[in-house]
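> could you work out the structure for the sequence below:
(3 chains)
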Amino acid sequence: MSIDTSKVAETNSTAATAKKPNRAGAIAEWADDRLGLATLAKKNLRKVFPDHWSFMLGEIALWSFVVLLLSGVFLSLWFNPSMGETTYEGSYAQLRGVEMSEAFASALRLSFDVRGGLLMRQIHHWAAMLFVASMMVHLLRVFFTGAHRKPRELNWAIGALLLLLGTLEGFTGYSLPDDLLSGTGIRAADGFLKSQPIVGTYMSFFLFGGEFPGTDIIPRLFIIHVLLIPGLLLALITAHMLLLVYHKHTQWPGPGRTEQNVVGFPMLPVYAAKAGGFFFIVFGTTALMGGLLSINPVWMYGPYDPSKVTAGSQPDWYMGWPDGALRIMPNLETHIWHHTISWNVLLPIIVLPMLMFTILLMLPFIESWITGDKRDHHLLQRPRNAPTRTATMVALMTMYGLFWAAGGNDIIAIRLHLSINQITYFMRAAVFIGPVIAFMITRRWCISLQRKDEQDLLHGYETGIIMRSPEGGYTERHLPLSPARAYTLTARDRDPDVLGELPGGPDANGVEPQGGLASRLAGVRHRLRKLMYADNVQKPSTAELEAAHHHAEHEHELQAPMEGHAADGHQFDGHHLVEGEKLRADD
Amino acid sequence: MSTLFLYLFLGLVAAGLVGALVSVAVLGQTVARAVRESRPWSVRRSLNGLAGRLSRHRRRPVAGLALMVLGLMLTGTLYAAFAPSSSAGSASSDEELVETGRNLFLVGCSTCHGQNGEGITTLEGDQLGPALAGVGAAAVDFQVGTGRMPAAQPGAQNPTKPVTYSDEEIKALAAFVASLGPGPSVPDPSDYSLAGLSEEEREEAVSRGGQIFLTNCTACHNFAGKGGAMPRGGNAPNLSDTSAKHIYEALLTGPGQMDTFSNGNLSPEEKRDVIAYLYSLREQPQYGGFDLGGMGPVSEGMFAWIVGIGSLVCFATWIAAHTARTSRRKDEAAA
Amino acid sequence: MTDEHSHLPAEPGNDDASAPDTSLVPDEPIVNPGLPEHAWRPTDVDPKAERRAERQVATLFGLSAVCAVLFVVSYLVFDVNGGGDGETVQTVFGLGASNVALGVSLGLALMFIGIGLIQWARKLMGDHEIVEMRHPARSSDEDRTETVRVLNLGAEESGIARRPLVRNSLLLSVGVLLAPVVVLLKDLGKTNAEVIDEAAYPGAGLEHTVWTSGMRVVRDVVGTPIRPGDLEIGDLINAEPEIIFEVDEDGEHVLEGVHLQIAKSKAAVVLIRMDPDENKPAKGREDWAVDGILCYSKICTHVGCPISLNERKTHHLLCPCHQSTFDLADAAKVVFGPAARPLPQLPLMVNDEGYLVAQSDFKEPVGPSYWERDSQQSTSK
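As a prediction, the model looks like this:
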């Protein structure tokens, strides 16, 4: 296979051309003779990426992962994942002579005897916090804009797995230094494991290599943290990115942007420069945070000791919400036939997170079951145009946020001078009521925004100019939207007419329900479809739009005497310039 | 009618005595403190404190100054008239101190604690103020010296406030309360000072103090001594600005809901070590940057979201934002 | 749909994209106006602006290099901890100078490169938006048919459907192969029962601690024994069994390393002295206290955090991890929070020398609940 340099030259203006071979060209030729890269490169070097700030949230996650790999390699050169006992004799005076594990001693050594070690520890920790946080905001962006719909459901599932693995990676990571705070976390994790029926005690003894705390947990967490999970993360991130390239990025609707194309900047050079630049910005931000903001000062916590504890013992933020659930859970425990079931631990920390994760994973599939929509979607939806879906995510966010706040109930109590007990009682109710209220408000809010769009389309936008008619009546002047804006507003699907469907009738695939479970499911689906669509405002039809414009023309005729008058409302929308314009007729 | 007059007279005398003590004490102490700490604002704070004692409602600096001048003139006159020439105004003997304390107590404390410090229980059974026999001088020095007493209102936990009494007055009050029953006395600075120890012993004391602190104190006061939440709205206070003496007294007397750490519980040396550790935390630099309140992962998470994600989203917006455009065309420009 | 165009990126000037979309769905009320005309940037049309942008970008890259040099300088200049002598640590505004200088210089060096690159892309690189056609995610029908055919051919040639004996025995062997995998994991750790049987260290197993009859209760950290008279009402002592600090005749600690940690994780206690009148001992525990001194496990029955936030006046002990609250004056009953069981109480007495000692081990397992807890408790009694 010979290299087609002319093609490369066409699509990549900076590359070498066949006419004028230089050193870079020679290297490229050498490589292509062996790897055949040009075939792959010609397709992808000018790959199009649409530009929008919200499309870069996933990039924050990607780049913070790279920062984590780089800083993690540095840390692993000094960190000693051993629970062997040692007496600290390093630079930090307050702990000199104290017995501790080698893991903790090496964390202190990294902090106080390795120049830049503390910086790297803090960069690593901040990047980890940002990694999970940016995955989460990326997930929200994808869901709110409908980018999880066919054909991208599997990429959603991969993303959800990445979030889960990222969280576990974080937990195993912050447990490693074997300080008082992380040890308290592991102690609690031991309690979580033991709460599981039948297998609980075995799980705990297997994980800890015998009785808690044992000497195995830190080395085991270490290998999980530096090999097992990063390997999985790397593989899944690769799959995530390959699918992104294969599907091509979604885009916002607009003039010239359709379901059949993708409009944006080419990979080379603009997108590569922007993405590459963003990597340096993410790295720079974590470095600045690592340099200026203290995180996890392990030397203050001291080495782990099962008889010590500190106020404000919290996990890192992404483990905060199940911890909050644990805090507000009523103290249920069943003793039956000489066996104990600790609902007070099992439900909030084992069942709830698994349930929430399953729901998260299934969201695209649940949605497509309800909508029956099997088409490919590449144009994004504005959150308002899927009110029920948007409201569902806001309800989930509200629940998450309330659990999260419950996880910081002691800090909230001292900072806001409240009572822990009352916060706890409040949260017990709020985690159920809050999401419902949030759902209703968000849904209605979205529908109102849809109405506003409809108003703008039919009657034009509000100019803020008040006109007085010869009779003395006051009206606000409305002007038609620009064609591009009007097109963008209407570039969305019409929702199915659910009210016209029969609950027991054939579904979107024309399958008749067979009675029993199937018919009951069909009924549920019909109700959900009504919730999903029935109250939505549809975009106006051509006829409605014409009627409205006709009406507007009539109004314009009425206002015709004022046309050409200085206050025709066009000074402010760029239709004509204000200069030289008489602002008052009698001037 | 005559009783009222008697009370008025007694009050006046008491006020005069107080004023005399205060004016001498405050003036000397204010200057000394200002010089020692070279903190210019401490002068004004002390003056305000005095004004506050004379008039709770007028706390503006000017009012404070005016009141003080007035007070000085008045008490100076009274002092000249009544003071015995030999003792030069300082209540040196113990009985005098106790007597002064009793008078202060009757004015400022007896409403809740009873006229003899026996404590008062309301008809509903709530305790207005506990009995003070046996709490010792250390408790008074702590409660009054940190401004927790006199309390604004009876409650489960009395917050710190600007200190209302002068050091001399606190000493008098402490002497009076100590006279009610045996209790821990105010510790001597040598009790909580590492002076006289070798460098090695000091280091050992600090690290032992750290272990004791992490075992006994951090559960409530947090690993950095920044305080923590307690049941039903209570809190363990932040120890960052608490003086060594007050920490020592708190350990001895167990103020509020705090457990006592009597000398049988935590030996004087161990208390000293804890204090030394806390001071070493204050003196050490914040190695890793701003400590974000020293509240642990909750504040760290907040900064990750607000500073980290917040600034990166701002950058993303900038990266994707449309650049400035011109109405000119490139071919036109080239032409 | 438009497969034939899919690999023809529409470069600037290509009319395909900017032309109005004529394939309108009937009820689309507004016609797609097509891509707007490209608007030029000042840097495209004004050589001065272009040069200014160039200078900006170069300056940013230059600043980055300066910061990188500063990083190296800070690395050489600042000590992290002054060689352990707290007084010689360099600080900036009370912050550790080394970390701040390294972090800020590295952060800015990276940041300037990033900002420079993006400024370059925004101002100077060609900024024509281009159009790429999409293709459906699914394969073509021919490809699908061909794949199915090849799969069937494979199945046919292997005879997997025709030879059930071979197939099923393979499935069986792969299934049984799971057994070695599971078995191999067994030595991850000893089970609770094994730990108890071996009794390789004092207080082995979830049901036992190192407390034995007559063992002295000593102060944590310092290890000194306690006389009842040492405590005043309101005192709380974080205590441990004496064996934690015990040294044998050779000066070696009796408990070391992991065994010490295991012992501490179960045997840590709090001693509290209250007015004997305030204590309401549970039935059968009337003689477990000495002069109002009570001893409870410090390990929370919820998930096992050490618990010692005591309210002196109410005798409520709060767990800092999840806020379970126990009333120590009422047999450590749970009064608030997620814990379901009271804290186990250690029966106390005074020995001949006048020190506080345990009457026995705890009468129930300490720490968090687990499945077998009730049954093993009943068998061990």
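> now do the buried residues in the top helix by length along chain C.
In terms of residue count, the longest helix belonging to chain C (DSSP state H) is helix C:47-77. The neighbour-count check on helix C:47-77 (16 or more other CB atoms under 10 Å in any protein chain shown) flags C:49-50, C:53, C:56-57, C:60-61, C:63-64, C:67-68, C:70-71, C:74 as buried. (Each C-beta comes from the backbone N, C-alpha and C, glycine too.)
> can I get stretch A:44-56 in CSV? Just the C-alpha atoms.
Provided in CSV are the C-alpha atoms of stretch A:44-56 (Å, rounded to 0.1, in the frame of the first residue of the first chain):
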residue,chain,number,x,y,z
ASN,A,44,-10.0,11.5,11.0
LEU,A,45,-7.6,14.4,10.8
ARG,A,46,-10.4,16.6,9.5
LYS,A,47,-13.0,15.0,11.7
VAL,A,48,-15.6,17.6,12.6
PHE,A,49,-16.3,18.6,16.2
PRO,A,50,-19.1,21.1,16.9
ASP,A,51,-18.2,23.9,19.3
HIS,A,52,-20.2,24.5,22.5
TRP,A,53,-19.1,25.0,26.0
SER,A,54,-21.2,22.2,27.3
PHE,A,55,-19.4,19.7,24.9
MET,A,56,-16.2,20.3,26.8
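> not counting residues beside it along the chain, what's closest to residue C:38?
Closest residue to residue C:38 apart from its sequence neighbours, by CB to CB, 6 or more residues apart in numbering or on different chains: residue C:128 at 6.0 Å.
> my guess is that neighbour meets residue C:40, correct?
No: the criterion here is CB atoms under 8 Å, and residue C:128 misses it with residue C:40 at 10.2 Å.
> show me where the chain has its strands.
The chain I'm using is chain A. For chain A, the strands defined by DSSP state E cover A:48-49, A:85-87, A:99-101, A:261-266, A:334-336, A:339-341, A:461-468, A:474-479.
> chain B was what I was after
For chain B, the strands defined by DSSP E occupy B:120-121, B:127-129, B:228-229, B:235-236.
> identify the residues contacting the longest one?
Read that as strand B:127-129. B:109, B:111-114, B:119-122, B:154 (CB atoms under 8 Å, 6 or more residues apart in numbering or on different chains).
> I'd like the strands of chain A as CSV, with mean neighbour count, mean pLDDT and distance to chain B appended.
Below are the strands of chain A laid out as CSV (neighbours: other CB atoms under 10 Å in any protein chain shown; pLDDT from 0 to 100; distance: least, CB to the nearest CB, whole Å):
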stretch, mean neighbour count, mean pLDDT, distance to chain B
strand A:48-49, 22, 92, 10
strand A:85-87, 15, 92, 11
strand A:99-101, 22, 93, 10
strand A:261-266, 23, 92, 10
strand A:334-336, 11, 87, 27
strand A:339-341, 19, 88, 26
strand A:461-468, 14, 83, 21
strand A:474-479, 14, 84, 22
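> and those strands as CSV, adding distance to residue C:143?
Shown next, in CSV, are the strands of chain A (distance: least, CB to CB, whole Å):
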stretch, distance to residue C:143
strand A:48-49, 25
strand A:85-87, 63
strand A:99-101, 58
strand A:261-266, 23
strand A:334-336, 57
strand A:339-341, 53
strand A:461-468, 49
strand A:474-479, 52
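> show me the chain divided up by domain.
Picked chain A for this. A:5-44, A:59-258+A:289-330, A:452-540 (automatic domain parsing).
> actually it's chain C I care about, not the one you picked
Per the record, chain C has its domains at C:1-137, C:144-184, C:197-380, by automatic domain parsing.
> for residue A:89, which of the ones you listed is the nearest?
Closest to residue A:89 of the domains of chain C, according to CB to CB: domain C:1-137, at 9.3 Å.
> pLDDT of the closest one, averaged?
What domain C:1-137 shows for mean pLDDT is 79.
> contacts only, for whatever residue of chain A ends up closest to chain C.
Nearest to chain C in chain A, going by CB to the nearest CB, is residue A:291, at a distance of 1.3 Å. Going by CB under 8 Å, 6+ apart, residue A:291 touches A:119, A:122, B:289, C:99-104, C:106-107.
> swap the cut-off to 6 Å and go again
Residue A:291 makes contact with C:99-100, C:103-104, C:107, according to CB atoms under 6 Å, 6 or more residues apart in numbering or on different chains.
> the residues you listed: which two are farthest apart?
Spanning the widest gap among the contacts of residue A:291 are C:99 and C:107, at 11.5 Å by CB to CB.
> before we move on, back to that, point out the ones among the contacts of strand B:127-129 that are inside helices.
Using DSSP H, the subset of the contacts of strand B:127-129 located in helices is B:111-113.
> near chain B, which residues of the stretch 201-350 of chain C?
C:220-221, C:230-232, C:234-238, C:308-313, C:316, C:318, C:320, C:325 (CB under 6 Å from any CB of the partner chain).
> one step back: just checking, what packs against the longest helix of chain C?
Helix C:47-77 sits against helix C:42-45, helix C:97-123, with contacts defined as 3 or more CB pairs under 6 Å, 6 or more residues apart in numbering or on different chains; DSSP states H and E.
> relative to helix C:97-123, how tilted is that helix?
Put simply, helix C:47-77 runs at 160 degrees to helix C:97-123, going by axes from the mean of the first three to the mean of the last three CA atoms, to 10 degrees.
> after helix C:47-77, which helix or strand is next?
Using DSSP states H and E, the helix or strand that follows helix C:47-77 in sequence is strand C:91-92.
> if we can go back for a sec, just the buried residues of helix C:47-77 now: which is nearest chain B?
Comparing the buried residues of helix C:47-77 against chain B with CB to the nearest CB places residue C:49 closest, at 8.9 Å.
> isn't the closest one right up against residue C:40?
No: in this structure residue C:49 lies outside contact range of residue C:40 using CB atoms under 6 Å: 10.8 Å.
> just the pLDDT for the residue of chain C found nearest chain B.
Nearest to chain B in chain C, going by CB to the nearest CB, is residue C:230, at a distance of 3.0 Å. Per-residue pLDDT puts residue C:230 at 89.
> does it touch residue B:264 like I think?
Yes: between residue C:230 and residue B:264 there is a contact at 3.0 Å, judged by CB under 6 Å.
> ok, the two, which is more surrounded?
Set residue C:230 next to residue B:264 and count neighbours by other CB atoms under 10 Å in any protein chain shown: residue C:230 wins out with 22 against 17.
> residues from the stretch 251-400 of chain A in reach of chain C?
Taking CB under 6 Å from any CB as the contact definition, the stretch 251-400 of chain A meets chain C at A:255-256, A:260-264, A:266, A:269-270, A:273-274, A:276-277, A:280-281, A:283-284, A:287-288, A:290-291, A:306-307, A:309, A:311, A:313, A:326-327, A:329, A:331, A:333, A:335, A:338-340, A:342, A:344.
> quick one, which of these are buried?
Buried members of these, counted by 16+ other CB under 10 Å: A:255-256, A:260-264, A:266, A:269-270, A:273-274, A:276-277, A:280-281, A:283-284, A:287-288, A:290-291, A:306-307, A:309, A:311, A:313, A:326-327, A:329, A:331, A:333, A:340, A:342, A:344.
> about what we covered before: so can I have JSON lines of the strands of chain B showing distance to residue A:216, mean neighbour count and mean pLDDT?
Listed next are the strands of chain B as JSON lines, based on distance: least, CB to CB, whole Å; neighbours: other CB atoms under 10 Å in any protein chain shown; pLDDT from 0 to 100:
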{"stretch": "strand B:120-121", "distance to residue A:216": "58", "mean neighbour count": "16", "mean pLDDT": "82"}
{"stretch": "strand B:127-129", "distance to residue A:216": "53", "mean neighbour count": "16", "mean pLDDT": "79"}
{"stretch": "strand B:228-229", "distance to residue A:216": "32", "mean neighbour count": "29", "mean pLDDT": "84"}
{"stretch": "strand B:235-236", "distance to residue A:216": "36", "mean neighbour count": "23", "mean pLDDT": "86"}
